[in-house]
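**Student:** What follows is a protein structure lacking sequence information:
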């Protein structure tokens, strides 16, 4: 009955509305960035991307732009950013009932100092930089996950880290329903290789909840959350 009611609500004509808006990004040259948003509306809105008010045309620069629309999530990935990619980007969602726009700024910095030294292969002494001073940009993030009691589940979040030092991964914490998790036999955690991973090898009903990955960066913290259901 609840499913039928939800389906009827989904069929009510609605103009586009952003549930998750674009967010600003600051990154170094030669690193990728992924802008994403979620939008609802009926009929399903069509999303177009703009840079400085001009439509983004993937064919104008083959391999540079990648646009995707999956499960209501719309994304624009810019590979190997350069300073000229600094601009205001917009996602414009349209259906027959109206238009909605979400806008964010991408700032691309030219590598200097520590970051430039790393690109040249000169790794600074580890006492000169702390993990909380790294610049971290989350890319592909774990979504809503479904598991079965007795089985296992892994939540993975990929990221770009600058400077990327093999012996200095970012500081990351995992939470379930706002309660800090600690590594152990039932909770495995790892950070490195451009990803943060949480593995629950023996799922129980108590493992169900809202999981949050929180990473400490030079700008404060960045985090992502999604629900894990255990049947």
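**Tutor:** Done, it's in. What you are looking at is a predicted structure, and each value in this text was computed from that prediction instead of being measured.
**Student:** can you pull the buried residues of stretch 224-231?
**Tutor:** 224, 228, 230 (16 or more other Cβ atoms under 10 Å). (Glycine included, C-beta is placed from N, CA and C.)
**Student:** so how many other residues sit close to residue 79?
**Tutor:** If you count neighbours by other Cβ atoms under 10 Å, residue 79 ends up with 15.
**Student:** averaged over its residues, what pLDDT does stretch 17-30 have?
**Tutor:** Averaged across stretch 17-30, pLDDT comes to 87.
**Student:** cool, stretch 204-224 as well?
**Tutor:** Stretch 204-224 comes out at a mean pLDDT of 85.
**Student:** How about residues contacting it?
**Tutor:** 26, 131-138, 141-142, 147, 149, 153, 155, 157, 159, 170-178, 196, 198, 200, 225-230 (Cβ atoms under 8 Å, 6 or more residues apart in numbering).
**Student:** what sits against residue 36?
**Tutor:** 20, 22, 73-76.
**Student:** If residue 98 is in a bridge, with which residues?
**Tutor:** Per DSSP bridges, the residues bridged to residue 98 are residue 95.
**Student:** Next one, pLDDT for residue 8 please.
**Tutor:** Per the predicted model, pLDDT is 50 at residue 8.
**Student:** Can you report how many residues lie near the closest residue to residue 105 other than its chain neighbours?
**Tutor:** Closest residue to residue 105 apart from its sequence neighbours, by Cβ to Cβ, 6 or more residues apart in numbering: residue 24 at 4.9 Å. Around residue 24 there are 12 other residues, counting by other Cβ under 10 Å.
**Student:** can you check residue 97 too?
**Tutor:** Quick note: residue 97 (other Cβ under 10 Å) scores 13 neighbours.
**Student:** what about the closest residue to it other than its chain neighbours, which helix or strand?
**Tutor:** Closest residue in space to residue 97, ignoring its immediate chain neighbours: residue 15 at 4.0 Å, by Cβ to Cβ, 6+ apart. Using DSSP states H and E, residue 15 maps to strand 14-20.
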